[in-house]
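1. build me a model:
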Amino acid sequence: MIGQIESYNPDIQTGVIKSGDKFYDFHLTDWTVEVPPDPGDEVSFDAADAVAKKVCLAGVIVNKPKAVKYKYVAGILGLLLGGAGMHRLYLGYYGIALAQLAVTLATAGYGLLWGFVEGVLILAGHLDKDAKGRPLR
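-> Okay, here's the model as predicted:
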């Protein structure tokens, strides 16, 4: 079967896979790939009742995406030029970048706060992926 990991708890090494309208529990001992599972991963598995066995990543995407963009560059752009959406442009979120610029222009500069807050969130690690889902360095 094909499904998507809904949740995974590394402390107890168990997770849940959703396939269609059904949910299947799995344990890390049934995980067949060297990299740990992450929520959102597409997987193939064998189903027995509500338990998934022989769980592996689906398709050819076996390696995790590699970081390309720098967290500190995005964070500093957010702090200094966030009102213009420059940090979002850097990360590939073009629509949000235009929205930030429009809000800044429409509110006589109050949109600067939006970019500043996002810059802080990026530097703190709460916004940690680019538009393609790759982690930030």
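
2. can I assume Val55 is in contact with Thr14?
-> No - using CB atoms under 8 Å, Val55 is not in contact with Thr14, being 11.4 Å away. Just so you know, the C-beta spots here come from the backbone N, C-alpha and C atoms, and that holds for glycine as well.

3. mind checking which of the two has more residues around it?
-> Val55 (25 against 15; other CB atoms under 10 Å).

4. find me whatever residue is spatially closest to the more buried one, sequence neighbours aside.
-> Phe45 (4.3 Å; CB to CB, 6 or more residues apart in numbering).

5. now Leu28
-> Leu28's closest residue in space is Gln13 (CB to CB, 6+ apart), at 3.8 Å.

6. got the confidence number for Ile53?
-> No Ile there; residue 53 is Lys. If you check Lys53, the pLDDT there is 92.

7. strands along the protein, start to end?
-> 2-9, 14-19, 22-27, 42-48, 51-57 (DSSP state E).
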